[in-house]
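Trainee: here are the coordinates; sequence isn't available:
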């Protein structure tokens, strides 16, 4: 290589590094898979002057995949997604760190929030929802309404469901389903329900809604906030909470094990768990805006059901079997 070429390449490399640094010059980098995250980040910056680079790879599965691909060189400071089991696994893998005690102690959780806050501080709980049975009342007569997961067997071939490999809420549900049904019993029951692979490996709640409202599905296994958002918008769907119980689905805000910006993280958590931050989280009409509040004194959006008899997931058990159960689901129900 000539000296001229070497100088040119060095200059080009320095320019590339400078461009990358300027492109990520925000005070925080946040990865998320929640509808309101970008809106909340804007409100936070307006209130504090602290800037956030919001990165949205897609679904929870795609967000976690990006984090996994970065390995020992993580590019995020905070990650905000649905699900407690996934945070337990990331804590065990040293991807996220335990939330510092001073951050935890400053958060004023309500009764639900306290019940969902992880003992090992794997994440900050910022809200909650659950998985319910979505029913199209234009396709299903009131006499045929399901009341349990087992009742979905009579809708075999017409049930829409998400791939837990792509959806955080779907894995939380699957792990909870196995917790209440038993692993072998749960697998057997799902085998009788999810008999059409074109509908059992969908990637999002929006695609569940589409399959039910414009496709062949009559019912779906979906995040209840997604169902509620559609019902409030006037669509003929209802959320049915199964008699076996509903596993709680926390929204989790985790902190990178390698972040160098804990002071800015503290400010962001303080904002999100404040009245102003919670108001920003509710300021919209899509799925995640219809969360159940976990902060003292914060009310849910109108039409959001909150009196649900929750089952709390065994996160350590769910995290231990995450790879195995996700692969089983994909092998069995996804094209």
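Mentor: Received, thanks. Bear in mind the structure is a predicted one, so any value in this text is a computation, not a measurement.

Trainee: And the pLDDT at residue 161?
Mentor: On the pLDDT scale, residue 161 is placed at 98.

Trainee: Distance of it relative to residue 36?
Mentor: For residue 161, the distance to residue 36 (Cβ to Cβ, to the nearest Å) stands at 24 Å. Quick note: C-beta positions are derived from backbone N, CA and C, even for glycine.

Trainee: which one of these two has more residues nearby?
Mentor: residue 161 (29 against 23; other Cβ atoms under 10 Å).

Trainee: Just to check, the more buried one is in contact with residue 202?
Mentor: Yes: the criterion here is Cβ atoms under 8 Å, and residue 161 meets it with residue 202 at 6.8 Å.

Trainee: Identify the contacts common to those two.
Mentor: Residues touching both residue 161 and residue 202 (Cβ atoms under 8 Å, 6 or more residues apart in numbering) are residue 208.

Trainee: For the residue nearest to residue 92 when sequence neighbours are not counted, report the pLDDT, please.
Mentor: Of all residues not flanking residue 92 in the chain, residue 319 sits nearest, at 6.4 Å (Cβ to Cβ, 6 or more residues apart in numbering). pLDDT, residue 319: 95.

Trainee: One more: the one 5 residues further on?
Mentor: The predicted structure scores residue 324 at 98 on the pLDDT scale.

Trainee: Helix, strand, or coil at it?
Mentor: Secondary structure, DSSP: H, G, I helix; E, B strand; the rest coil: residue 324 is helix.

Trainee: and the gap between it and residue 68?
Mentor: 16 Å.

Trainee: before we move on, back to that, what comes up buried for the helix or strand harbouring the residue nearest to residue 92?
Mentor: Secondary structure assigned from DSSP states H and E places residue 319 in helix 315-320. By neighbour count with 16 or more other Cβ atoms under 10 Å, helix 315-320 contains the buried residues 315, 318, 319, 320.

Trainee: do the same with stretch 33-49
Mentor: 33, 34, 35, 36, 37, 39, 40, 41, 43, 44, 45.

Trainee: For the second one, which non-adjacent residue is closest in space?
Mentor: Meaning residue 34. Closest to residue 34 by Cβ to Cβ, 6+ apart is residue 288, at 4.7 Å.

Trainee: name the element residue 284 belongs to?
Mentor: Counting by DSSP H and E, residue 284 is part of no helix or strand.

Trainee: Contacts only, for the residue nearest to residue 163 when sequence neighbours are not counted.
Mentor: Among residues not flanking residue 163 along the chain, residue 201 sits closest, at 4.4 Å (Cβ to Cβ, 6+ apart). Contacts for residue 201 (Cβ under 8 Å, 6+ apart) come out as 161, 162, 163, 330, 333, 334, 335.

Trainee: what are the phi and psi angles of the second one?
Mentor: This means residue 162. phi -100, psi 150 (degrees, to the nearest 10).

Trainee: Over to the fifth one?
Mentor: Reported as degrees, to the nearest 10, the phi and psi values for residue 333 are phi -120, psi 0.

Trainee: Spit out the contact partners of residue 67.
Mentor: Here residue 67 is in contact with 31, 74, 76, 79, 90, 95 (Cβ under 8 Å, 6+ apart).

Trainee: For residue 191, state which of these is nearest.
Mentor: residue 90 (30.2 Å; Cβ to Cβ).

Trainee: Would you confirm that the closest one contacts residue 254?
Mentor: Yes: using Cβ under 8 Å, residue 90 is in contact with residue 254, at 6.4 Å.

Trainee: Can you pull the residues that touch both of those two?
Mentor: Shared contacts of residue 90 and residue 254, counting by Cβ under 8 Å, 6+ apart, come down to 79, 96, 122.

Trainee: Could you give the average pLDDT over the strand or helix carrying residue 220?
Mentor: Residue 220 is part of strand 219-223 when elements are defined by DSSP H and E. Per-residue pLDDT over strand 219-223 has a mean of 98.

Trainee: following it, which helix or strand comes up?
Mentor: Downstream of strand 219-223 (by DSSP H and E), the next one is helix 224-232.

Trainee: Kindly spell out which helices and strands sit in contact with that following helix.
Mentor: For helix 224-232, the elements it packs on are strand 124-136, helix 205-214, strand 237-240, judged by 3 or more Cβ pairs under 8 Å, 6 or more residues apart in numbering; DSSP states H and E.

Trainee: Spell out which strands sit alongside the last one in the sheet and which way each one runs.
Mentor: Right, the one you point to is strand 237-240. Paired neighbours of strand 237-240 in the sheet (DSSP bridges): strand 124-136 (antiparallel).

Trainee: roughly how far is the partner strand from the heart of the chain?
Mentor: 10 Å (Cα atoms, centre = their mean, to the nearest Å).
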